[in-house]
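Asks: Generate a structure from the sequence data that follows.
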Amino acid sequence: MSGNDDKKSGKIRTEAEIRAERLAKTLRDNLQRRKQQARSRRAGAADETVGLPGGAPAAKKDESDA
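Replies: Model prediction:
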């Protein structure tokens, strides 16, 4: 594990520090993803997100034609 690496450098990281670093990385990644989405919307490019659509729903079939 990375425990030996921490001891060699003279710094022993606690679980709280490891968790805080992991959280900070997650937040940075999320911010970068949101910035990229905003840029693509301004440029008119398709939004490549996975999940719920952010735009108008697909055209519905007119039920009077049935």
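Asks: What's the mean pLDDT across stretch 38-46?
Replies: What stretch 38-46 shows for mean pLDDT is 75.
Asks: Start the count at 34 instead of 1 going forward.
Replies: All set: I'll call the first residue 34, so the last point we hit is now stretch 71-79.
Asks: Go ahead and list the helix or strand containing Arg81.
Replies: One correction, residue 81 is Glu, not Arg. Element membership of Glu81 [criterion: DSSP states H and E] is none; it lies in no helix or strand.
Asks: Just give the closest residue to it, not the sequence neighbours.
Replies: In this structure, Glu81 finds its nearest non-sequential neighbour in Ser73, 7.2 Å apart by Cβ to Cβ, 6 or more residues apart in numbering. Just so you know, the C-beta spots here come from the backbone N, C-alpha and C atoms, and that holds for glycine as well.
Asks: just checking, that neighbour touches Arg67?
Replies: No - look at Ser73 against Arg67 with Cβ atoms under 8 Å: they stay out of range, at 10.9 Å.
Asks: The two: which has the busier surroundings?
Replies: Neighbours per residue, other Cβ atoms under 10 Å: of Ser73 and Arg67, the larger number sits with Ser73, 14 against 11.
Asks: what residue ranges in this protein score low on pLDDT?
Replies: For the chain, the stretches flagged by pLDDT under 70 are 34-43, 77-80, 84-99.
Asks: Give me the three-state assignment for Ile45.
Replies: Secondary structure, DSSP: H, G, I helix; E, B strand; the rest coil: Ile45 is coil.
Asks: where does Gln65 land in three-state SS?
Replies: Going by three-state DSSP: Gln65 is helix.
Asks: residues in contact with it?
Replies: By Cβ atoms under 8 Å, 6 or more residues apart in numbering, the contact set of Gln65 is empty.
Asks: do you know how far it is from Ala49?
Replies: Between Gln65 and Ala49 the distance is 25 Å, computed by Cβ to Cβ, to the nearest Å.
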